[in-house]
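Chemist: The following block contains a protein sequence and its predicted model.
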Amino acid sequence: MSRIPLIHVTDLYHSPQDPDDQLDLLTVAALPEFDLKAVILDCTQPFLEPAPAGWDVRRDPGYVLVAQLGHILGRTFPCALGPLEPLSSPSDDARSRPRSEQAGIDLLLQSLEASPEPVLISSVGSARIITAAFNRAPDLVRNKTRAVLLNAGATAGEKREWNVGLDPHAYTGLWRSGIRIHWYPCATEHSAFNRRDPRGTYWKASHETLFHDIPEAIRAWIAYGFSGSARGDIISSLTDLGKGAVWEHVLAGERNMWTTASLVMAAGRSLAKTPHGWRFLQAQAASGLETWPWRLDSINAAVDNETLVKWSVSESETPHKLFGRKEGVGYGEAMAQALNALFQSIPV
């Protein structure tokens, strides 16, 4: 099977700012269609500082979670950190940032340059690193990017979506770059938590459903991240955190999810109902089965200075595409079953 080169740009922290980012990374690693070239940490300064100067509690960029997952799977994931402050304008290339914040941009550019074919870039935070990289090497980024899977923004409404608010200039700059964008908006005109909207990516599930019968090492990795563990034995801890009181506490929770569809669709899979429940299947395996229809519509799109994307569906092919699906809350139940089965399938 020819694998799809992918760079995952994520606002992954430890302790978590939102634990769905850890599950998005696990989803990428669980899909064998992807050749994961790099994990680039898209962190923002207030989340690294305790209140009152910062957001709430002190965090670190999520290096430890990337290293642990690589150990569990026996794989190597190059990882680096990008700039911590928002861009000053849509054309800012972030060269003025400290040396410690340059490695993420460098890794993105080096990974694109080294790839013999265009690369998918999944973006599940701000677009800061991607836009800064484009501003440094526009031809390279435009020509070597198959598409950006953009998990950010709202289809309508005046309220600025969370990821856009992390770096408004970066979001604006990405839309104006001419890079191919597959847009998976985190919010619709109603809210970021509307489970019915046919343009909405949002769904919700209990941890009991998502983590049922998954490998013990993966359970321990999830528990380490979700609990914000301060244990320094980051490898030994993976033998015991997936059981007992810590794990029971994790299982009692629920998870809001947005990004899953972008990754599964990019892998070429459908959401199909099998005799064993809903699963993410390649087209041949899904033939003849009931599916939950989803698609990418070509759109004409432009972003204004307030980060609002004005769009309309196009009859002809365009570089910008927008997610759509069959409406209804049953989507969340189907996604939860399918994601759990994917997690169960991880070879550990």
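Modeler: Nice, I can see it.
Chemist: Secondary structure of Q22: a strand, I assume?
Modeler: No: membership of Q22 in a strand is not supported by DSSP: H, G, I helix; E, B strand; the rest coil, which gives helix.
Chemist: I'd guessed it sits against D11; true?
Modeler: No: using CB atoms under 8 Å, Q22 is not in contact with D11; the gap is 11.0 Å. Placement of C-beta: from N, CA and C, glycine included.
Chemist: for A245, phi and psi?
Modeler: As for A245, its main-chain torsions (degrees, to the nearest 10) stand at phi -60, psi -40.
Chemist: so how far is A252 from it?
Modeler: 11 Å (CB to CB, to the nearest Å).
Chemist: Same check on Q110?
Modeler: Going from Q110 to A252 by CB to CB gives 42 Å.
Chemist: Between these two, which is the more surrounded one?
Modeler: Using other CB atoms under 10 Å, the more surrounded residue of Q110 and A252 is Q110, with 15 against 10.
Chemist: How far away from the center of its chain is the one helix or strand that one maps to?
Modeler: Per DSSP states H and E: Q110 is located in helix 103-114. How far helix 103-114 lies from its chain's middle: 18 Å, per CA atoms, centre = their mean, to the nearest Å.
Chemist: Point out the other elements, helices or strands, that that helix touches.
Modeler: On a contact count with 3 or more CB pairs under 8 Å, 6 or more residues apart in numbering; DSSP states H and E, helix 103-114 meets strand 4-10, strand 34-41, strand 79-81, strand 119-123, helix 128-136, helix 138-144.
Chemist: Now the residue nearest to the spatial centre of the chain: phi and psi?
Modeler: Centroid-nearest residue in the chain, with CA atoms, centre = their mean: V124, separated by 3.6 Å. Main-chain dihedrals, V124, degrees, to the nearest 10: phi -120, psi 20.
Chemist: all helices in this protein, in order from the N-terminus.
Modeler: For the chain, the helices defined by DSSP state H cover 20-30, 63-73, 103-114, 128-136, 138-144, 162-166, 168-175, 207-210, 216-226, 244-251, 260-266, 283-286, 330-344.
Chemist: Run through this structure and note the low-pLDDT ranges.
Modeler: The chain contains residues with pLDDT under 70 at 1.
Chemist: nearest to T318, of the helices of the chain?
Modeler: Checking the helices of the chain against T318 by CB to CB gives helix 168-175 as the closest, at 12.7 Å.
Chemist: tell me the angle that closest one makes with helix 128-136.
Modeler: 60 degrees (axes from the mean of the first three to the mean of the last three CA atoms, to 10 degrees).
Chemist: could you dump helix 168-175 to PDB, C-alpha only?
Modeler: Provided in PDB are the C-alpha atoms of helix 168-175 (Å, rounded to 0.1, in the frame of the first residue of the first chain):
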ATOM      1  CA  PRO A 168      -6.200  35.500  13.900                       C
ATOM      2  CA  HIS A 169      -3.400  36.800  11.600                       C
ATOM      3  CA  ALA A 170      -2.200  33.200  11.000                       C
ATOM      4  CA  TYR A 171      -5.700  32.000  10.100                       C
ATOM      5  CA  THR A 172      -6.100  35.000   7.700                       C
ATOM      6  CA  GLY A 173      -2.700  34.400   6.200                       C
ATOM      7  CA  LEU A 174      -3.400  30.700   5.500                       C
ATOM      8  CA  TRP A 175      -6.600  31.400   3.700                       C
END
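Chemist: got a list of contacts for it?
Modeler: 86-92, 126-128, 130-132, 134-135, 148, 150, 152-153, 160, 163-164, 181, 301-303, 305, 307, 309 (CB atoms under 8 Å, 6 or more residues apart in numbering).
Chemist: Show me which residues of that helix are buried.
Modeler: Buried residues in helix 168-175, defined by neighbour count with 16 or more other CB atoms under 10 Å: 168-175.
Chemist: tell me the angle that helix makes with strand 119-123.
Modeler: Taking the same axes, to 10 degrees, one finds helix 168-175 and strand 119-123 inclined to each other by 150 degrees.
Chemist: what about stretch 98-110, distance to the chain center?
Modeler: Worked out by CA atoms, centre = their mean, stretch 98-110 lies 19 Å from the chain centre.
Chemist: tell me the residue furthest from the middle of the chain?
Modeler: In the chain, the residue that sits farthest from the middle, by CA atoms, centre = their mean, is G288; the gap is 30.2 Å.
Chemist: list the contacts for that residue?
Modeler: Listed by CB under 8 Å, 6+ apart, the contact set of G288 is empty.
Chemist: How about the one 10 residues further on?
Modeler: For S298, the set of contacting residues under the criterion of CB under 8 Å, 6+ apart consists of 313-318, 320-321.
Chemist: Okay, buried residues for the longest strand anywhere in the chain please.
Modeler: In terms of residue count, the longest strand belonging to the chain (DSSP state E) is strand 294-303. Residues 294, 296-297, 299, 301, 303 are the ones in strand 294-303 that count as buried (16+ other CB under 10 Å).
Chemist: so can I have a markdown table of those showing distance to R99?
Modeler: Output for the buried residues of strand 294-303, formatted as a markdown table (distance: CB to CB, whole Å):
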| residue | distance to R99 |
| --- | --- |
| W294 | 42 |
| L296 | 39 |
| D297 | 42 |
| I299 | 39 |
| A301 | 36 |
| V303 | 31 |
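Chemist: Appreciated, that's everything.
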